[in-house]
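Enquirer: Have a look; sequence and predicted model below, questions after that.
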Amino acid sequence: MPIETPAILSLLADGPKNGYELMKELRVRSSGSYKMSAGTVYPALQQLEDEGLIAPDPKDGKKLFRLTDLGKQEVEREKPAIDEIWRRTSELGDWAQWMGPGGARSSAIALIKTTSRALKLARGNPELAVKIEEILDRARRDLEDI
């Protein structure tokens, strides 16, 4: 089950929302680590509606969605997965802003991953460890000069 499904259901368990409100609340609740686009949320809402888990609940000209009884049962059944989603996003804290896609964020994450792999390879090889440290120090200095 994609993250969108349990996340959307858990947000709707708090009360009816429209697609925009769901996108915004997911971004806020995940500290920015997960951003759902309209191209993701509306097909997911349609699928959940087709499955009978949610139903339209129009109010003040807005198309809100609410959980059906079947949807409420699904939230209970998926509670461990839902709790895990929110646990993971809360652990990210201030790092969440750097976990999304795009530009410098992706480059920073790629650098951390590559550094980790290089350090694993350098175990027991002091020359390689020194080389890695020199590369990282040079990059740090270059960034500080900006």
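Expert: Happy to help now that I have it. Remember, it's a predicted structure, so these values are computed and weren't measured experimentally.
Enquirer: And the protein, what are its domain boundaries?
Expert: 4-96, 103-144 (automatic domain parsing).
Enquirer: For those domains, could you give me TSV that also reports mean pLDDT?
Expert: Formatted as TSV, these follow (pLDDT from 0 to 100):
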stretch	mean pLDDT
domain 4-96	87
domain 103-144	85
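Enquirer: In JSON lines: those domains, plus mean neighbour count.
Expert: (C-beta placed from N, C-alpha, C; glycine too.) Compiled in JSON lines, those are given as follows (neighbours: other Cβ atoms under 10 Å):
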{"stretch": "domain 4-96", "mean neighbour count": "16"}
{"stretch": "domain 103-144", "mean neighbour count": "11"}
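Enquirer: now the helices: where do they sit in the protein?
Expert: Remark: helices assigned in the chain by DSSP state H are 4-12, 19-29, 38-50, 69-77, 79-92, 103-122, 126-144.
Enquirer: These: which one's closest to Asp57?
Expert: helix 4-12 (9.6 Å; Cβ to Cβ).
Enquirer: same for the closest one, what does it pack against?
Expert: Judged by 3 or more Cβ pairs under 8 Å, 6 or more residues apart in numbering; DSSP states H and E, helix 4-12 is in contact with helix 19-29, helix 38-50, strand 54-56, strand 65-67, helix 69-77, helix 79-92.
Enquirer: Cheers, nothing more for now.
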